[in-house]
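**Q** Sequence and predicted structure below; questions after.
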Amino acid sequence: MSGRPIDRRRFLAGTAGALAGALGTGALSGCSRGAHVFEPPTTIRELPSRVPFDRVPPPDIEGSADGIVPPAYFRYPRSLSTSVLEAPGRGGDISALCLTFSPPAPGMRTNRAWQAINERLNARLKLMTTTYTDYSAKFGALLASGDLPDIVYLHDTKTIPRQTDVLGRLFADLGPLLEGRGVHRYPNLANLPTYMWRNALFNRVLHGVPNARGGYWWLWQLANGAHLRELGGVKPRSAEELTSFLKEATGGGRYGIIGDHAFPPGLVFAAMMWRAPKNWRESQGRFVKDVETEEFRAAVEYCRFLWSAGLIYPSFPTQAQALDMFYNGLGTLYTLTVGSTKASWEFLVQNKPEFELDVLTPFGHDGHAGVYHFTPGSYGKVVLRKASRERLEELLGVLNFLAAPFGTHEQHLLTYGVEGVDHEWDETGTPQLTRRGRAELNLPFAFLMSGPDALYSRARSRDFAANMHRWMSEHAAIAVTDPTIGLSAPTMSARGALLEQALRDELRDIIVGRLPLSAYDDMVARWRKLGGDAMRAEYEEAYERAHV
């Protein structure tokens with residue numbers, strides 16, 4: 001997902017004090033909605049079981065049976081289905097905290113789309129929005145106040161200090177409601193692929209519902225297809241071939257790789273080429289961090305070589321600047337999130353139709369298959385404030401509505417609003433937002449809760465759907481995942497984000513030559529001493545408990 005990263009130092013500082021009040025002094029006891037006595041959480045025996053919602057219009061290309069590769073549509077379906085037969089709400093207010101990446105939408109009093117959604121919900125869904133940058137401060141303030149909203153979107157639970165306490169004491173344990181077949185009461189939630197639910201699980205306790213928006217994939221390598229064609233049209237299949245390819249692509253003000261400020265240059269793809277683990281590697285309950293492996297170190301050495309050879313752009317622009325350089329042909333390869341690829345595709349079709357967008361599937365440095373670093377499974381998760389069972393069932397019904405799949409009336413309403421007000425159908429049968437709709441549909445419902453992706457774009461829809469399905473299928477075939485998903489490590493919650501940033505900063509310095517390669521061992525030793533070994537022990541203990 002594009003956007004500026006959260007200021008994690010500010011987040012940790014802000015929430016630490018808030019937690020002391022919310023957890024240590026019983027701040028919730030004065031809340032008008034009533035206090036809740038802490039109860040031991042229930043451990044679930046099985047994840048919510050999936051029942052695919054099959055009443056949607058048939059896709060042109062089926063998705064994978066496990067839900068990892070989404071279905072693809074060549075055109076927008078005009079005949080929509082209904083996924084929610086009865087309004088889930090009971091007529092009252094429901095408050096929710098969610099992210100926004102857009103300018104503010106018109107308020108509920110004048111927003112026809114918002115009003116129509118509330119009518120379908122039979123509830124007044126009142127959104128408390130925060131920007132990506134201000135999310136941490138907002139969340140910390142809510143914890144300090146003790147007046148939590150009914151529904152809270154957690155962007156990155158791994159950076160919350162004392163997260164087990166936060167989740168256990170302030171938010172509902174949803175295991176008794178959703179474990180196994182329990183989720184079947186909510187067909188759109190049951191439609192979420194089973195693997196996504198790991199992201200809402202901590203030490204076998206189900207603390208939330210995964211937000212499926214963009215949840216399938218992490219980062220992949222975009223390629224300028226015109227450059228590929230200029231250089232023979234054959235994609236490299238080994239480190240040796242990639243080096244030769246980048247040398248041919250570099251020169252005359254053009255570089256083989258464009259990096260940005262977010263990641264050490266070239267390292268995301270190189271780590272996949274050397275088949276390094278995604279974050280951690282687990283074997284028989286023992287955990288090894290990626291930077292501790294020979295594969296990851298070899299990837300760093302390769303990137304250091306590419307940098308010294310002048311094959312990577314010699315600066316660290318913002319993502320927006322790097323994308324602009326890529327679009328303008330100043331680089332052949334650029335690493336971007338899969339979720340942002342659709343926006344790039346649509347921008348290029350509209351503004352640079354001669355640009356040929358392609359994706360490079362990871363290959364092994366030795367000419368064999370590489371690996372692909374798969375996502376945690378969702379874009380954050382949604383947790384519910386502790387309440388009565390009846391209230392929790394109502395809130396889950398609201399999330400079920402918001403998780404409606406592509407091809408349903410509910411999802412169409414959430415995306416396009418009211419026909420004749422927010423959108424019109426063009427001559428091709430495609431919904432087009434009106435000027436009013438573009439403002440009203442800035443509502444960030446998708447960053448509160450969203451259903452699984454479908455591959456569809458209004459821009460060259462057939463090409464987009466077919467290409468994305470092929471690229472994602474190729475990546476899914478070699479995907480590896482992070483074994484710590486669903487496990488809780490207190491040290492990770494308290495210091496993990498800062499340790500990861502320190503690693504990232506030092507890795508960048510090593511790759512670009514500001515530090516010698518010999519600094520790598522010191523970096524790993526320092527990480528272990530400052531919390532890495534503690535995290536390892538905690539993950540191994542949590543893994544053992546989870547596999548009893």
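**A** That came in fine, so what should we check first?
**Q** Just the buried residues of stretch 169-184, please?
**A** 169-175, 177-179, 182-183 (16 or more other C-beta atoms under 10 Å). In this view, the C-beta of every residue, glycine as well, is placed from N, C-alpha and C.
**Q** Hmm, P77 is touching P57, no?
**A** Yes: if you go by C-beta atoms under 8 Å, P77 and P57 touch, sitting 3.7 Å apart.
**Q** ok, of the buried residues of stretch 169-184, which one's closest to E538?
**A** Nearest to E538 among the buried residues of stretch 169-184: R169, at 19.7 Å, using C-beta to C-beta.
**Q** element containing the closest one?
**A** helix 163-170 (DSSP states H and E).
**Q** And for whatever helix or strand comes next after that helix, what's in contact with it?
**A** Counting by DSSP H and E, the next helix or strand C-terminal to helix 163-170 is helix 175-178. For helix 175-178, the external contacting residues (C-beta atoms under 8 Å, 6 or more residues apart in numbering) are 41-44, 48, 182, 186, 189, 205-206, 209, 389, 392-393, 396.
**Q** distance between helix 175-178 and the chain's centre?
**A** 24 Å (C-alpha atoms, centre = their mean, to the nearest Å).
**Q** I'd like the average pLDDT over that helix.
**A** For helix 175-178, mean pLDDT rounds to 96.
**Q** Can I get that helix as PDB, trimmed to CA atoms?
**A** Extracted in PDB, the C-alpha atoms of helix 175-178 (Å, rounded to 0.1, in the frame of the first residue of the first chain):
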ATOM      1  CA  GLY A 175     -13.300 -17.100  19.100                       C
ATOM      2  CA  PRO A 176     -16.600 -18.200  20.700                       C
ATOM      3  CA  LEU A 177     -18.500 -16.500  17.900                       C
ATOM      4  CA  LEU A 178     -16.400 -17.300  14.800                       C
END
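**Q** what comes up buried for stretch 271-281?
**A** 271-281.
**Q** Show me which pair in these is furthest apart.
**A** Using C-beta to C-beta for every pair in the buried residues of stretch 271-281, the one that comes out farthest apart is M273 and W280, at 19.0 Å.
**Q** Packing partners of the one helix or strand A141 maps to?
**A** According to DSSP H and E, A141 maps onto helix 135-145. Where contact means 3 or more C-beta pairs under 8 Å, 6 or more residues apart in numbering; DSSP states H and E, helix 135-145 is packed against helix 8-24, strand 93-100, strand 124-131, strand 151-154.
**Q** what bits of the stretch 1-150 of the chain have low per-residue confidence?
**A** Filtered on pLDDT under 70, the stretch 1-150 of the chain yields the residue ranges 1-40.
**Q** before we move on, the earlier item: tell me which of the contacts of helix 175-178 fall in strands.
**A** 205-206, 209 (DSSP state E).
**Q** can you pick the most crowded of these?
**A** V209 (30 neighbours; other C-beta atoms under 10 Å).
**Q** My understanding was that it contacts V398; is that so?
**A** No: using C-beta under 8 Å, V209 is not in contact with V398; the gap is 10.7 Å.
**Q** Distance to T110 added to the buried residues of stretch 169-184, as CSV?
**A** Compiled in CSV, the buried residues of stretch 169-184 are given as follows (distance: C-beta to C-beta, whole Å):
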residue, distance to T110
R169, 39
L170, 34
F171, 33
A172, 33
D173, 39
L174, 35
G175, 41
L177, 36
L178, 36
E179, 42
G182, 39
V183, 36
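**Q** how about the buried residues of stretch 271-281 in CSV, adding secondary structure?
**A** Listed next are the buried residues of stretch 271-281 as CSV, based on DSSP: H, G, I helix; E, B strand; the rest coil:
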residue, secondary structure
A271, helix
M272, helix
M273, helix
W274, coil
R275, coil
A276, coil
P277, coil
K278, coil
N279, coil
W280, strand
R281, strand
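**Q** Pull up the gap between the closest residue to M492 other than its chain neighbours and D453, please.
**A** Distance criterion C-beta to C-beta, 6 or more residues apart in numbering; nearest residue to M492, sequence neighbours excluded, is M535 at 5.2 Å. Between M535 and D453 the distance is 31 Å, computed by C-beta to C-beta, to the nearest Å.
**Q** same question, F445
**A** Taking C-beta to C-beta, one finds F445 at 15 Å from D453.
**Q** Helices of the stretch 151-300 of the chain, residue ranges please.
**A** Ranges of helices within the stretch 151-300 of the chain are 163-170, 175-178, 187-190, 225-230, 239-249, 267-273, 294-308, based on DSSP state H, counting those that start in this stretch.
**Q** How far away from the center of its chain is the fourth one?
**A** Going by C-alpha atoms, centre = their mean, the spacing between the C-alpha centre of helix 225-230 and its chain's C-alpha centre is 30 Å.
**Q** what's the answer for the third one, then?
**A** Centre-to-centre, helix 187-190 and its host chain are 19 Å apart (C-alpha atoms, centre = their mean).
**Q** if we look at that helix, which residues are touching it?
**A** 48-51, 53, 83-84, 178, 183-184, 209, 396, 399-401, 403-405, 410, 451.
**Q** Now do the buried residues in it.
**A** Buried residues in helix 187-190 (16+ other C-beta under 10 Å): 187-190.
**Q** quick one: which of these is nearest V152?
**A** Nearest member of the buried residues of helix 187-190 to V152, counting by C-beta to C-beta, is L189, at 17.0 Å.
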